[in-house]
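*Asks:* Structure here, sequence nowhere to be found:
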Ligand SMILES: Nc1ncnc2c1ncn2[C@@H]1O[C@H](COP(=O)(O)OP(=O)(O)OP(=O)(O)O)[C@@H](O)[C@H]1O
Ligand SMILES: Cc1ncc(COP(=O)(O)O)c(N)n1
C-alpha cells in the first residue's frame with residue numbers, strides 16, 4: 001500500500017507527550033500520514049492533569065465529517081473519549097465511514113493517576129468495541145473491561161486469559177501489554193478468541209519517562225496494520241520502536257515528572273547518519289601532532305588506560321586517544337546495544353553477517369597487499385597469516401551462521417549485494433594498502449584488529465550461557481585474535497616511530513577514517529529497521 005492515512009481521535013496534551021500529539025508523532029514515525037480530530041482539551045503536563053474542557057460533541061462530529069468528506073481514512077486510532085456524547089459521535093461516524101482498521105485504546109486513567117473518562121461513559125465505551133480491529137487496554141483497564149477484580153491480573157497468563165474473554169466477547173484482537181506487570185522483560189501479545197496470535201519480548205527499561213506510551217503504541221499499531229503488515233510483524237515493529245523511543249526518552253529532558261518518550265529518536269539518528277559533512281574536519285591539529293605527539297594535551301588518557309588491549313608506545317597511544325569517542329559511539333550505537341540486550345532480531349543478525357562475509361573477503365585481500373609490500377619478512381608472515389585466517393573465518397561464518405540460521409547456500413551468500421558502507425570501508429582498506437606507503441596501509445587496517453578486539457572483549461564479558469547469541473559471542477573470546485591485535489599494534493607503533501612527519505599524519509588520518517568506517521559498519525544493519 002501507499003502511505004497509510006491514519007486519523008487519531010483523541011484528547012490533547014499541550015506538553016506533547018500523550019494524546020493526539022503523541023499519536024501524530026507516532027503515526028509519522030511508523031510511516032503513515034497523520035491526521036487528528038480533537039475530543040477533550042486537556043491541560044496537563046508531566047506531573048498530571050489540571051483541567052479538562054469538553055467542547056460540545058457537535059464540534060467533534062464536524063471535525064470527523066470534514067475529514068471523511070475529503071480524505072480516504074485507512075485507519076483510525078481512538079484514544080480519550082471521556083464523555084458519553086463523544087462516544088456516540090464517534091460511533092455514528094464509524095457506522096457511516098467504516099474505516100478498515102480501527103484501534104481503540106480504552107483510555108481511562110493517565111500514568112499520573114488522573115481519571116480521563118466519566119464513570120458512566122466507561123460502560124458506554126463498550127458499544128464501540130465490536131467496531132474495533134484491536135483493543136489496547138493496559139493491565140488495569142483490562143481488569144475493568146474483562147470484569148476481573150482490581151489488582152487480580154498479576155501475570156502474563158492471567159492477562160492472556162482476560163484478553164481472550166474480551167476478544168471472544170467482541171470478536172476483536174486484544175493487546176496484552178506488559179508495562180504494568182512485573183518482571184525484567186516486557187512481553188506484549190495480540191490475542192484473539194482462540195489464543196495468542198503475536199508476541200514480542202523486550203527488556204524493561206528503568207525510567208519514569210513513560211508518559212504516553214499507550215497512546216503511542218496504539219497509533220503506531222494502527223499505522224503498521226493499515227500498511228498491510230500482519231499482526232506479528234506489526235506488533236514486532238511497534239514494540240521495537242517503542243522500546244528504542246523509551247530508551248532515548250531521558251535524553252529529551254522535557255518536564256520533571258513522568259517525561260515523554262522520544263518518538264523521533266530513530267529519525268534523528270538516521271538524519272545524523274546521513275549527514276554529508278567531511279569526516280576529518282575536526283579541531284585536532286593532526287599535522288602538529290605528527291611532529292610532536294603531546295598526547296597529554298588530548299583528552300581520554302584515562303579511558304585508554306582502561307582499554308582491554310594496551311597501546312605499544314606513544315604513537316599508538318595517540319591513535320587510541322584520537323579515536324576513543326568513535327569506539328564509545330560504536331559500543332553504544334543501536335546495533336551493539338540490542339546485541340548486548342539479546343534483542344537483536346534474526347534479520348538484523350543475518351544482514352550484519354552477510355556484510356561481514358563481504359568485508360572479510362575484501363579485508364583478506366588488503367592484508368595480502370600489505371604482506372606483499374612489507375620489507376621485514378616477519379611482517380610479511382604476520383599479514384599473510386592474518387589474510388589466510390580472515391578467509392577461513394569467513395568460511396566458518398558462512399557455514400555456521402548464515403547457512404544454519406537462514407538455510408542459505410554458500411553460493412547465494414557470495415552473490416548477495418554489498419552495501420555502500422561495506423564497499424566504502426573495504427575500498428578504504430584496499431586503496432590504502434595497495435596505493436599508499438606501507439605505514440599508511442598498516443595504520444588503515446589497525447582498527448580492524450584493535451576496535452574489533454576491544455568490542456569483542458567487552459561483548460564476551462557480558463556473555464552468559466542463556467544469552468540468545470551465546471554461541472556467536474563466544475567466538476569473540478578468541479585469545480589468538482587478542483595476540484594478533486597486540487602484534488599489529490606493535491608493528492604500527494614501530495612503523496610510525498620510523499616514519500616522516502607527513503607520512504605519520506597521513507597514517508593517522510587513515511587510522512581515524514578506518515575507525516569511523518568500523519563504527520558505520522557495525523551500525524548499518526540497525527539503519528534498515
Ligand atoms: N519500562 C518500560 N520499558 C520498556 N518498555 C515499556 C516500559 N513501559 C512501557 N513499555 C512499553 O509500552 C507499552 C505500553 O505500556 P503500558 O503497558 O504501561 O500501557 P499504558 O498504561 O497504556 O501506557 P501509558 O503509560 O501510556 O498509560 C508496553 O506494552 C511496552 O511495550
Ligand atoms: C489526552 C490524553 N490521552 C491519553 C492519556 C494517557 O496517557 P498516559 O497514561 O501515558 O498519561 C493522556 N495522559 N492524555
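*Replies:* Nice, thanks for sending it over. Everything numeric in this text was worked out from a predicted model, so none of it was measured. Ligands and ions are numbered 1, 2, ... in the order given.
*Asks:* Could I get the pLDDT score of the closest residue to residue 505 other than its chain neighbours?
*Replies:* In this structure, residue 505 finds its nearest non-sequential neighbour in residue 290, 3.8 Å apart by CB to CB, 6 or more residues apart in numbering. Backbone N, C-alpha and C define where each C-beta goes, glycine included. On the pLDDT scale, residue 290 is placed at 91.
*Asks:* show me the contacts for residue 290.
*Replies:* Residue 290 makes contact with 501, 502, 504, 505, 508, according to CB atoms under 8 Å, 6 or more residues apart in numbering.
*Asks:* rerun that using 10 Å as the cut-off
*Replies:* Shown in contact with residue 290 (CB atoms under 10 Å, 6 or more residues apart in numbering): 315, 318, 496, 499-509.
*Asks:* go on, residue 483?
*Replies:* Counting by CB under 10 Å, 6+ apart, residue 483 has contacts 309, 453.
*Asks:* That one falls within a helix, correct?
*Replies:* Yes - under DSSP: H, G, I helix; E, B strand; the rest coil, residue 483 sits within a helix.
*Asks:* Against residue 476, how distant is it?
*Replies:* 14 Å (CB to CB, to the nearest Å).
*Asks:* cool, and residue 286?
*Replies:* In terms of CB to CB, residue 286 sits 31 Å off from residue 476.
*Asks:* ditto for residue 502
*Replies:* For residue 502, the distance to residue 476 - CB to CB - is 37 Å.
*Asks:* the more surrounded of these two?
*Replies:* Neighbours were counted for residue 502 and for residue 476 using other CB atoms under 10 Å; residue 476 has more, 17 against 12.
*Asks:* which residue packs closest to that one, ignoring adjacent ones?
*Replies:* Residue 476 sits nearest to residue 456 (CB to CB, 6+ apart), 3.5 Å away.
*Asks:* could the contacts of residue 290 go into CSV alongside pLDDT and secondary structure?
*Replies:* Formatted as CSV, the contacts of residue 290 follow (pLDDT from 0 to 100; DSSP: H, G, I helix; E, B strand; the rest coil):
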residue, pLDDT, secondary structure
315, 96, helix
318, 94, helix
496, 97, helix
499, 97, coil
500, 96, coil
501, 95, helix
502, 96, helix
503, 97, helix
504, 97, helix
505, 95, helix
506, 96, helix
507, 97, helix
508, 96, helix
509, 96, helix
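*Asks:* which among those residues gets closest to residue 170?
*Replies:* residue 509 (64.2 Å; CB to CB).
*Asks:* Pull the contacting residues for the closest one.
*Replies:* Residue 509 neighbours (CB under 10 Å, 6+ apart): 279, 280, 286, 290, 322, 432, 440, 443, 444.
*Asks:* Going by neighbour count, which of those residues comes out on top?
*Replies:* residue 443 (30 neighbours).
*Asks:* any idea how far residue 361 lies from residue 405?
*Replies:* Counting by CB to CB - residue 361 and residue 405 are separated by 19 Å.
*Asks:* beta partners for residue 191?
*Replies:* residue 174, residue 196 (DSSP bridges).
*Asks:* Neighbours of residue 508, how many?
*Replies:* Around residue 508 there are 25 residues (other CB under 10 Å).
*Asks:* Longest helix of the protein, counting residues only.
*Replies:* helix 346-373 (DSSP state H).
*Asks:* Would you mark the buried spots in that one?
*Replies:* 348-371, 373 (16 or more other CB atoms under 10 Å).
*Asks:* same question for that helix, mean pLDDT?
*Replies:* So the average pLDDT for helix 346-373 ends up being 91.
*Asks:* Lowest mean pLDDT among the helices and strands, pick that one out for the chain.
*Replies:* Least confident helix or strand of the chain, by mean pLDDT, DSSP states H and E, is helix 410-414 with a mean of 60.
*Asks:* Check which element follows it along the chain.
*Replies:* helix 420-435 (DSSP states H and E).
*Asks:* Check which helices and strands that following helix sits against.
*Replies:* helix 346-373, helix 438-461, helix 501-523 (3 or more CB pairs under 10 Å, 6 or more residues apart in numbering; DSSP states H and E).
*Asks:* just the helices in the stretch 201-350 of the chain please.
*Replies:* 213-226, 231-247, 265-274, 286-291, 301-305, 314-332, 334-341, 346-373 (DSSP state H, counting those that start in this stretch).
*Asks:* For ligand 1, find the nearest of the ones you listed.
*Replies:* Closest to ligand 1 of these, according to CB to the nearest ligand atom: helix 213-226, at 2.2 Å.
*Asks:* Distance of the closest residue to ligand 2 within the stretch 301-450 of the chain relative to residue 259?
*Replies:* At 23.0 Å from ligand 2, residue 343 is the closest residue in the stretch 301-450 of the chain, using CB to the nearest ligand atom. For residue 343, the distance to residue 259 equals 23 Å [CB to CB].
*Asks:* again, but for residue 467
*Replies:* 31 Å.
*Asks:* of those two, who's got more company?
*Replies:* Using other CB under 10 Å, the more surrounded residue of residue 467 and residue 259 is residue 259, with 22 against 17.
*Asks:* picking that back up, nearest to residue 401, out of the helices of the stretch 201-350 of the chain?
*Replies:* That would be helix 346-373 among the helices of the stretch 201-350 of the chain, by CB to CB, at 5.1 Å.
*Asks:* other SSEs contacting the closest one?
*Replies:* helix 334-341, helix 377-396, helix 410-414, helix 420-435, helix 438-461, helix 501-523.
*Asks:* among these, which gets the worst mean confidence?
*Replies:* Across the helices and strands packed on helix 346-373, helix 410-414 gives the lowest mean pLDDT, at a mean of 60.
*Asks:* I figured residue 227 hits residue 100, correct?
*Replies:* No - applying CB atoms under 10 Å as the test, residue 227 and residue 100 come out as separate, 11.6 Å apart.
*Asks:* Which one of the two is surrounded by more residues?
*Replies:* residue 227 (21 against 13).
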